[in-house]
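Asks: Sequence and predicted structure below; questions after.
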Amino acid sequence: MTLIVKTITRLTIGIIFIYGIYITLQGHLGPGGGFAGGVIVALSFIHILLAFGKDVGMRKLTQKKVLFLMSLGAVVFLAAAVFNFTMRHNQEAYTLHAEKFRIFSSLFMPIYDIAVCFMIGTGLYAIFLALALFTAENKE
Amino acid sequence: MEIYLLLIFMIVAAVAALEIKDLISSVIALSAVGLSLSLAFLVLKAPNLAITQLVVELLCLILLIHATIKKDLPLVKDGRWLFNTVSTLAFVAVFLVFIYFALKELPVFGMPIMRVSGEYLDKGFSLTGAANIVTAVALKFRGLDSLGETVVIFVSAIGVLAVMRKVGKIR
Amino acid sequence: MEIYLLCLVLFCVGLYGAVRKRNLIKIIIGLVIMEYAVNLFLVLIGYRLQGRAPILASDQQVLNMVDPLVQSMVMTTIVIGLALIMLVVAIAVRIYEKYGTFDITKIRKLRG
């Protein structure tokens, strides 16, 4: 891409990423959540991939790292769900009633949100990476 | 009232997306449908869905433009115009007959049946501590659905890798 | 009740595109329109007149909320639809690489 696109990308990429994290973390208090936040995080990485080409995009987040993060999200979600399922009889003990309408008002919801964000973001990025990478490879 | 206008706009944009000959123009008309769907979610009091639909629509637009750009597209001609159109309209008519019977059973617009979700609304905050009940339902009460949905994304990633892989590694 | 009918018209437009068109990209567009129509229909079923969004606020009593169950289901469906579109686009790109066209009537021939 041209110099203008690269400069603007360099300026805005951090803001987009931080906005995705914000949407993820306040998902249980306002509109948002792990689904939308994960897609925004994936979009910020796709932004790098489109503006700087696939070499720079791969240097930041290699394929092994993507697969590791995706699996990590799934395992964390599954572990939290199983723990919660076995403890379902005294569910009220696992919500903090001390300060309502704060981020830590609930014990498990931020963990779920972050796990879903990891899975969705890295999964969509992996799919897009496969599309962009193999299309360029087949052309050569 | 706004929802009627938005729906009519969506129908017009959908017809335009299907009938325009230039492929990139039709992809952009499709994203007009998606963005007005996001506005419709906002009017229908679903801000979670509005954010998700907006972001997903952007990613979908990037993907479809990535698929259509830089390709020399020969004009696709429609052959056997009469037969194809008549058979398609017959298909739509069969669908509409089933819809006619199904439409009587639906609740009236504006008065949903809230037998299960009434319980969620009552107990959701005290059980999970999440003020946003939609997230509470999606991640706590129906967490297995979210897990299955991410499994679908895994399967989709594996499918894309299998389809796009370079063939001919066998010597 | 008319609003359900308008939503069904949108679904029928998508069905027409998916069945009738011969260009692969147009078929994908028809599929996406059908998915949007189904999502909108589910949210319309859960809407309540003069309802409010199902988000509690700290300093006020929020009554008369819309259905949260439908919304969480549709939030799952939207992301699944994105994964589906990605898979279909990958297949379309692959077909274009192999045959050099998006026309589905030309794809019938076997090519080694």
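Replies: Thanks, I have it.
Asks: Could you use CA atoms for every contact and neighbour count after this?
Replies: Fine.
Asks: report the longest helix in chain A, please.
Replies: Using DSSP state H, we find that the single longest helix of chain A is helix A:109-139.
Asks: Rounded mean pLDDT for that one, please.
Replies: In this model, helix A:109-139 has a mean pLDDT of 82.
Asks: Stretch A:7-24 now?
Replies: Throughout stretch A:7-24, pLDDT has a mean value of 92.
Asks: That stretch near chain B anywhere?
Replies: No: no part of stretch A:7-24 sits near chain B under the criterion C-alpha under 8 Å from any C-alpha of the partner chain; the closest distance found is 9.7 Å.
Asks: Pull out the buried residues from that stretch.
Replies: A:9, A:13, A:16-17, A:19-21, A:23-24 (16 or more other C-alpha atoms under 10 Å in any protein chain shown).
Asks: quick revisit: tell me which residues in the longest helix of chain A are buried?
Replies: Neighbour-count burial for helix A:109-139, with 16+ other C-alpha under 10 Å as criterion, is recorded at A:109-135.
Asks: picking that back up, pick the one among the buried residues of stretch A:7-24 closest to C:N64.
Replies: The shortest approach to C:N64 among the buried residues of stretch A:7-24 belongs to A:I23, at 25.9 Å (C-alpha to C-alpha).
Asks: Show me what the least confident helix or strand in chain B by mean pLDDT packs onto, helices and strands only.
Replies: Using mean pLDDT, DSSP states H and E, the weakest-scoring helix or strand in chain B turns out to be helix B:115-128, at a mean of 82. Applying 3 or more C-alpha pairs under 8 Å, 6 or more residues apart in numbering or on different chains; DSSP states H and E, one finds that helix B:115-128 contacts helix B:133-136, helix C:68-99.
Asks: Quick check: which of those helices is buried the most?
Replies: Neighbour counts (mean count of other C-alpha atoms under 10 Å in any protein chain shown) averaged over each of these peak at helix B:133-136, with a mean of 31.
Asks: And that one, what does it pack against?
Replies: Under the contact criterion of 3+ C-alpha pairs under 8 Å, 6+ apart, helix B:133-136 touches helix B:115-128, helix C:68-99.
Asks: closest to A:F101 out of those helices?
Replies: Taking C-alpha to C-alpha as the measure, these were each checked against A:F101, and helix B:115-128 came out nearest at 10.3 Å.
Asks: CA-only coordinates of stretch B:100-116 in CSV, if you can.
Replies: Taking Å, rounded to 0.1, in the frame of the first residue of the first chain, the C-alpha atoms of stretch B:100-116 are listed here in CSV:
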residue,chain,number,x,y,z
TYR,B,100,-49.0,-19.0,5.4
PHE,B,101,-49.7,-21.8,7.8
ALA,B,102,-46.8,-20.9,10.2
LEU,B,103,-47.8,-17.2,10.4
LYS,B,104,-51.0,-18.0,12.3
GLU,B,105,-49.1,-19.5,15.2
LEU,B,106,-46.8,-16.6,15.8
PRO,B,107,-47.4,-14.2,18.7
VAL,B,108,-48.6,-10.7,17.8
PHE,B,109,-45.9,-8.2,17.1
GLY,B,110,-45.1,-6.3,20.3
MET,B,111,-46.3,-9.0,22.8
PRO,B,112,-43.7,-11.7,23.1
ILE,B,113,-44.2,-14.9,25.1
MET,B,114,-41.7,-14.5,27.9
ARG,B,115,-42.1,-17.7,29.9
VAL,B,116,-38.4,-18.6,30.1
